[in-house]
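[1] What follows is a protein structure lacking sequence information:
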């Protein structure tokens, strides 16, 4: 069931990204709802689920854009590593690490995309693209993640305590 | 260890998939996905259109934006007429000079298409339209705005859909001629190159050319990939560098490239890359 929800959410995010981008450009960059969705899901639900949801989201994104199929899957994959922040808990808040993951994933996405597009023969002006696309996306995507993350966190089932011998832990 | 295996598997599958995608293996799958997504995307775009006015500014700015859009279209239409007139005048002179020159350009046959999506990456300037190879589209075909100015070419064709590369895309290059208005000096030829920062740059213009802000920019027809005398826009700014081997300028496109809703694909004109044996 949770993966059906993820599929529906990723599809909606892909459609929103392809259709809304001309209307919600900030600093010349459109928010990437697929990246935001995948990163927020990874931070809310953990690395295990991210291993399935991130490629799924990337696949749906590639199917609705002119990019070669597989580019987004590859470019979104760093989210799975970044989701380790959830387990490390560098700060008490869940929210700030989520924003940091979205920002870092945005930069990683741009760089991997530019590398792949260059490799397949597209003319990518790296200087301009970094300045005009990669850097603004580090700001814009976390701004929109502020809208996406709280409801996702709220709708996600609360962790329930389980016992392991003498200690305790939480399980999703 | 699990994450490492996952990474290797994803990287491997992605790279294989990218290679296969470049060989057009996944075209039917992408056509199917656009078939499913297109009605939803069109609905969202219709809903977002009025909302974008709010997003762009405050309260009654929507009326100003609409009025501005109407005036811009009117200007574009008039500029298209002027460009056609300028070119016609120039061509008559050329015909007088070069007897026997025959106009080989046939009457244009157009396919109307609605824009259904825009490439969101920011690294490209590409649009998806609801017409494909079944409607006679082929890669390289020229795309016009509804007021007749050049907006790009067809870059990727599926059965029912196609992706357009706008003239502002970094991979776009169009041979152009800057038409000095009301002067007898010859048109300055150059190349219009897409740029993520400024939109469209006019490059390789002769240093001796008299180019001013507001001069009309049309296709030159050189290379055979675009019909002659299609309007692109006007000169926005001119970059003067005495030591430079050529002059540069920035184009103000006639069409609002980021807000295209309907476009025309010229199916009667076969670009050189398509008509070559």
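    Structure's in. What do you need? This structure is a prediction, so every number in the text was calculated from the model and none was measured. Numbering: from 1, shown residues only, chains lettered A, B, ... in the order given.

[2] Pull the contacting residues for the closest residue to chain A within chain B.
    Residue of chain B nearest chain A, by Cβ to the nearest Cβ: residue B:17 (3.1 Å). No exception for glycine: its C-beta is placed from N, CA and C like everyone else's. By Cβ atoms under 8 Å, 6 or more residues apart in numbering or on different chains, the residues touching residue B:17 are A:68, A:69, A:70, A:73, B:26.

[3] Show me which pair in the residues you listed is furthest apart.
    A:73 and B:26 (12.5 Å; Cβ to Cβ).

[4] of these two, who's got more company?
    Remark: of residue A:73 and residue B:26, residue A:73 carries more neighbours, 24 against 19, as counted by other Cβ atoms under 10 Å in any protein chain shown.

[5] List the residues that contact the more buried one.
    A:54, A:55, A:58, A:59, A:62, B:10, B:13, B:14, B:17.

[6] from those residues, which ones fall inside helices?
    Using DSSP state H, the subset of the contacts of residue A:73 located in helices is A:54, A:55, A:58, A:59, A:62, B:10, B:13, B:14, B:17.

[7] Buried only: go through the residues you listed for me.
    For those, a burial check counting by 16 or more other Cβ atoms under 10 Å in any protein chain shown picks out A:54, A:55, A:58, A:59, A:62, B:10, B:14, B:17.

[8] of all these, which comes closest to residue B:82?
    Using Cβ to Cβ, these come closest to residue B:82 at residue A:62, 43.2 Å.

[9] Hmm, that closest one is touching residue A:69, no?
    Yes: using Cβ atoms under 8 Å, residue A:62 is in contact with residue A:69, at 4.7 Å.

[10] ok so, going back, so what's the residue of chain B closest to chain A scoring on pLDDT?
    As predicted, residue B:17 sits at a pLDDT of 91.

[11] ditto for residue B:121
    80.

[12] Helix, strand or coil: sort out the spatially closest residue to it that is not a sequence neighbour for me.
    With Cβ to Cβ, 6 or more residues apart in numbering or on different chains as the criterion, residue B:121 has its nearest non-adjacent residue at 6.1 Å, and that residue is residue A:113. Under DSSP: H, G, I helix; E, B strand; the rest coil, the three-state class of residue A:113 is helix.

[13] Check residue B:202 too.
    strand.

[14] pretty sure it is in contact with residue B:250, am I right?
    Yes: with contact defined as Cβ under 8 Å, residue B:202 counts as touching residue B:250 (7.0 Å).

[15] so how many other residues sit close to residue 1?
    With no chain named, the answer covers chain A. 5.

[16] Switch to chain B, please.
    Neighbours of residue B:1 using other Cβ under 10 Å come to 5.

[17] do the same with residue A:88
    8.

[18] residue contacts, it?
    By Cβ under 8 Å, 6+ apart, residue A:88 has no neighbours at all.

[19] Equivalent analysis for the one 10 residues further on, please.
    Residues counted as contacts of residue A:98 (Cβ under 8 Å, 6+ apart) are A:39, A:40, A:43, A:44, A:145, A:149.

[20] so which pair among those is furthest apart in space?
    A:44 and A:145 (11.4 Å).

[21] circling back to that earlier point, would you mind telling me which of residue B:202 and residue B:250 has more residues around it?
    residue B:202 (29 against 18).

[22] what bridges to the more buried one?
    When assigned by DSSP bridges, residue B:202 has beta-bridge partners residue B:192, residue B:249.

[23] What are the neighbouring residues in contact with it?
    B:176, B:178, B:190, B:191, B:192, B:193, B:217, B:235, B:248, B:249, B:250, B:251.
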